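Participant: Predicted model and sequence follow; I will ask about them next.
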Amino acid sequence: MINNIPKRHFYNNKEYRLDFKNKKMILSPEFHKMLLDKKLWGKFGFKKIGGSSVGEVLEVDSFKSQFSAFCRIVWCGLPVLDRKYVDAGIAIEPKVINVLEKVLKTKITTYPPEEYEFDYFSDKDEIIGGIPDGFIEESKIIIEIKTTGEKNYNNWNQFGVPNGYLKQAQIYSYLMGVDKFWIVATFLKEEDYLDPDNYPIEKRKLKNYKYAINREQVLDDIKKMKDWYYQYTKSGISPQWDEIKDEDLLLYLKCENQEQYIELLEKWKNEGKFIDK
């Protein structure tokens, strides 16, 4: 029995079909036209590239998938199956801002997503969107906050901040017209995910990674992202999927109706992959 079914609107062999020979998703002509004309639910078209989609489009590591990015922009992305990481970020981000303001003795501007319809860059770019976590006006610095497991503290110090985070923050900085950005990370113990509202930030590692924009790189990244976006939104046919990287997404996309979808969620719930709450 599923108590909270993540919303889903579109199904295989209706709004799209999966071409298993060529390993691609093909939008139906009607659905594709609706997205092109921004007539989905009366006013929506293809989603913009933002957040984690930046790393997917640019394929910053072997785990990232352009196929997943395509599914996101056509409103068919895999829903959040376990909210513990999302909920931790929501609860802990203001605590990080508060610590930074005390240490720096300055005000940090934040951008509540609801006030900006989840896209601060709505009037700045037609393809790239998102919400910066913070901005220090007096020094013109963008701040991106990351909550991650404590095991990553040594990994990040040895190998650097994950490239997807860097490129996302750098693109936000460019769109804001500033030259510097910080990625501020706090490193959680596993028990912290159980009660993020009471996260003991003063007892956890907190590190600031400081960067300056690489202008040549960010312009190249933006061009690649926009070329990708124009290509796939125009065609209505996805990049090829990868059976390994896109395994769960493919199982989700194969569903042809609500009954099959609920059956899949039940399977994932029994496997501990879907947390029903």
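Facilitator: Looks like it arrived, so ask away.

Participant: give me the element residue 21 is part of.
Facilitator: Secondary structure from DSSP states H and E places residue 21 outside every helix and strand.

Participant: Now for residue 144, how many residues are close by?
Facilitator: 23 (other CB atoms under 10 Å). The C-beta positions use only the backbone N, C-alpha and C, and glycine is treated the same way.

Participant: And residue 95, by the same measure?
Facilitator: 21.

Participant: Next one: it from residue 186, what distance?
Facilitator: 8 Å (CB to CB, to the nearest Å).

Participant: give me every residue that touches the nearest residue to residue 250 once chain neighbours are set aside.
Facilitator: Excluding its sequence neighbours, the residue lying closest to residue 250 (CB to CB, 6 or more residues apart in numbering) is residue 241, at 6.3 Å. Counting by CB atoms under 8 Å, 6 or more residues apart in numbering, residue 241 touches 23, 24, 25, 65, 67, 249, 250.

Participant: can you redo those as TSV with distance to residue 223?
Facilitator: Formatted as TSV, these follow (distance: CB to CB, whole Å):
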residue	distance to residue 223
23	26
24	24
25	25
65	21
67	21
249	27
250	30
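
Participant: who wins for most neighbours among these?
Facilitator: That'd be residue 25 among those, by other CB under 10 Å, with 26 neighbours.

Participant: Which strand or helix spans that residue?
Facilitator: Taking DSSP H and E as the criterion, residue 25 maps to strand 24-27.

Participant: which outside residues touch that strand?
Facilitator: Outside strand 24-27, the residues touching it (CB under 8 Å, 6+ apart) are 15-19, 35, 67, 70-71, 74, 76, 236-241, 253.

Participant: Was I right to think residue 144 contacts residue 166?
Facilitator: No: taking CB atoms under 8 Å as the definition, residue 144 is not a contact partner of residue 166, at 9.1 Å.

Participant: Give me the common contacts of those two.
Facilitator: residue 183.

Participant: list the contacts for the spatially most central residue of the chain?
Facilitator: Closest to where the C-alpha atoms of the chain average out (CA atoms, centre = their mean) is residue 52, at 2.9 Å. Applying CB under 8 Å, 6+ apart to residue 52 gives the contacts 164, 168.

Participant: Tell me the spacing between residue 54 and residue 39.
Facilitator: 27 Å.

Participant: pLDDT score for residue 1?
Facilitator: The model reports residue 1 with a pLDDT of 82.

Participant: since we're on residue 19, how many residues are nearby?
Facilitator: Residue 19, neighbours per other CB under 10 Å, totals 14.

Participant: Distance of residue 144 relative to residue 127?
Facilitator: Separation of residue 144 from residue 127 (CB to CB) stands at 20 Å.

Participant: follow-up on the earlier one: for the strand holding residue 25, what is the distance to the chain centroid?
Facilitator: 21 Å (CA atoms, centre = their mean, to the nearest Å).

Participant: again with stretch 179-192
Facilitator: 16 Å.

Participant: Put the alpha carbons of that stretch into PDB.
Facilitator: Extracted C-alpha coordinates of stretch 179-192, given in PDB (Å, rounded to 0.1, in the frame of the first residue of the first chain):
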ATOM      1  CA  ASP A 179      33.600  37.100 -10.800                       C
ATOM      2  CA  LYS A 180      33.900  35.100  -7.600                       C
ATOM      3  CA  PHE A 181      31.900  32.300  -6.000                       C
ATOM      4  CA  TRP A 182      32.200  30.200  -2.800                       C
ATOM      5  CA  ILE A 183      31.000  26.700  -2.300                       C
ATOM      6  CA  VAL A 184      30.300  26.300   1.400                       C
ATOM      7  CA  ALA A 185      29.900  22.700   2.600                       C
ATOM      8  CA  THR A 186      28.800  21.200   5.900                       C
ATOM      9  CA  PHE A 187      29.500  17.500   6.400                       C
ATOM     10  CA  LEU A 188      26.800  15.400   8.100                       C
ATOM     11  CA  LYS A 189      27.000  12.300  10.200                       C
ATOM     12  CA  GLU A 190      24.400   9.600   9.200                       C
ATOM     13  CA  GLU A 191      22.300  10.300  12.300                       C
ATOM     14  CA  ASP A 192      22.000  14.000  11.200                       C
END
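
Participant: Pull the number of nearby residues for residue 22.
Facilitator: 12.

Participant: picking that back up, who has more neighbours, residue 54 and residue 39?
Facilitator: Under the criterion of other CB under 10 Å, the comparison of residue 54 against residue 39 puts residue 54 first, with 26 against 12.
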